[in-house]
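pasting the sequence and the predicted coordinates here, then a few questions.
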Amino acid sequence: MQFFDSHCHLQFEAFDGLRDQILSDMKKDNSRTINVGSSIENSESGVLLADKHNDILISSVGVHPFHSLGFEIYRDTDEAHNLKIQYPQDLNKLRKLAESSSVKAIGECGIDFSYFKDLKGEERDIEIWKQKQIECFSFQIGLAKELDLPLILHIRKEYQLALNILKESNFKGKAVFHFFKGKVDDFKEIIKNEKYLFGLSGVITYDTSRDEIIREVPMDRLIIETDAPYVAPIPFRGELNQPKYVIKIAEKIAKLKGISIEQVLETTFKNAMEFFNI
Ligand SMILES: [Zn+2]
């Protein structure tokens, strides 16, 4: 079944040894995905990989809010590539990387204060960290404007703040709220802007908390994603995620909307092609 996994990190080391098989399987039915960058280093490796398989791969370049501070603050043992990340990240390198023809978006970038609680900072430190993250995000909004590319947004909880920053930056382009986990109020605010899409990931298969939003979101505002190697959908939860598991996300959406899986896959494929301007 042909799919478009609209958020994946196939360039990550977690896929070493498996990548060629995944790509050759995807080529059989022209399924597509995007190598999303979350640091300068893995943006570069994502671009190189996409350039090599440009029939089915595209890429995005960006610095995730976890990597926006000037020191190695985010430690995730699963993310082995992280050791190779140089701090502070030189955001200006994104402009050069974006010159490659496989680059179809800026991101993932955005706002995520969730890890500050592990950092034992004073209130004043936290304020500084927040400002740094906002600066990093604003820089990338500016770059998307300059290069006329859509944004891939990583937002945790702070949807209203992110929307305000986009507004203040006078951003008029397209954006996807990747891994959307917002509340109904956030959903209602985002849906007002026709250029904003919702990216639904494997977490929607874990429980029923997003069912109401999924029933309500119009099909033309929806794309589906794995965020592989992370957060595999049920029944693969806890395993290494991979692009083809996006079909499980389509399955849940199909059930809630009372349409076929094929219909969900077809529409989200078309939506992603349009969104990334392929
Ligand atoms: Zn991601």
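Nice, thanks for sending it over.

make it CA atoms for all contacts and neighbour counts henceforth
Noted.

which parts of the stretch 1-150 of the chain are strands?
Counting by DSSP state E, counting those that start in this stretch, the stretch 1-150 of the chain has strands at residues 4-8, 32-36, 57-61, 103-111.

dump the residue contacts of residue 242.
8, 22, 226, 228, 229, 232 (Cα atoms under 8 Å, 6 or more residues apart in numbering).

isn't the last one right up against residue 244?
What it means is residue 232. No. The pair residue 232 and residue 244 does not pass the contact test of Cα atoms under 8 Å, sitting 10.4 Å apart.

between the two, which one's more packed in?
Remark: of residue 232 and residue 244, residue 232 carries more neighbours, 26 against 22, as counted by other Cα atoms under 10 Å.

just give me the neighbour total for the closest residue to the more buried one other than its chain neighbours.
For residue 232, ignoring the flanking residues on the chain, the nearest one in space by Cα to Cα, 6 or more residues apart in numbering is residue 241 at 4.5 Å. Neighbour count of residue 241, defined by other Cα under 10 Å: 22.

doesn't residue 229 make contact with residue 241?
Yes. Judged on Cα under 8 Å, residue 241 makes contact with residue 229 at a distance of 4.6 Å.

who touches both of these two?
Common neighbours of residue 241 and residue 229 (Cα under 8 Å, 6+ apart) do not exist.

could you list the low-pLDDT ranges of this structure?
70-83 (pLDDT under 70).

which helix is the longest one in it?
If you go by DSSP state H, the chain has its longest helix at helix 123-147.

beyond it, next helix or strand please.
With elements assigned by DSSP states H and E, the helix or strand that comes after helix 123-147 is strand 151-155.

tell me the angle that next one makes with strand 57-61.
Orientation note: strand 151-155 sits at an angle of 60 degrees relative to strand 57-61 (axes from the mean of the first three to the mean of the last three Cα atoms, to 10 degrees).

and strand 151-155, what other elements does it pack with?
strand 103-111, strand 175-178 (3 or more Cα pairs under 8 Å, 6 or more residues apart in numbering; DSSP states H and E).

of those, which stretch is the most buried?
Counting by mean count of other Cα atoms under 10 Å, strand 103-111 has the highest mean neighbour count of the helices and strands packed on strand 151-155, with a mean of 28.

ok, that strand: who's next to it in the sheet?
strand 57-61 (parallel), strand 151-155 (parallel) (DSSP bridges).

any idea which of these gets closest to residue 14?
Nearest to residue 14, of all these, is strand 57-61, at 17.6 Å by Cα to Cα.

angle of the closest one against strand 32-36?
Going by the same axes, to 10 degrees, strand 57-61 makes 20 degrees with strand 32-36.

now strand 57-61: buried residues?
57, 58, 59, 60, 61 (16 or more other Cα atoms under 10 Å).

neighbouring contacts of that strand?
32-40, 43-44, 46-47, 49-51, 94, 97-98, 102-108.

ok, how many other residues are close to the closest residue to residue 43 other than its chain neighbours?
Of all residues beyond its chain neighbours, the one nearest residue 43 is residue 37 (3.9 Å), with distances taken as Cα to Cα, 6+ apart. Using other Cα under 10 Å, residue 37 has 32 other residues around it.

pretty sure residue 37 is in contact with residue 49, am I right?
No. In terms of Cα under 8 Å, residue 37 does not count as a neighbour of residue 49; the distance is 11.6 Å.

overlap in contacts, the two.
By Cα under 8 Å, 6+ apart, no residue touches both residue 37 and residue 49.

need the contact list for residue 41.
Here residue 41 is in contact with 84, 85, 86 (Cα under 8 Å, 6+ apart).

recalculate using a threshold of 7 Å.
Residues in contact with residue 41, defined by Cα atoms under 7 Å, 6 or more residues apart in numbering, are residue 85.

do you know how far it is from residue 173?
Applying Cα to Cα, to the nearest Å, the value for residue 41 to residue 173 is 26 Å.

do the same with residue 3
25 Å.

so which of these two has more stuff around it?
It is residue 3, of residue 3 and residue 173, that has more neighbours when counted by other Cα under 10 Å, with 28 against 15.
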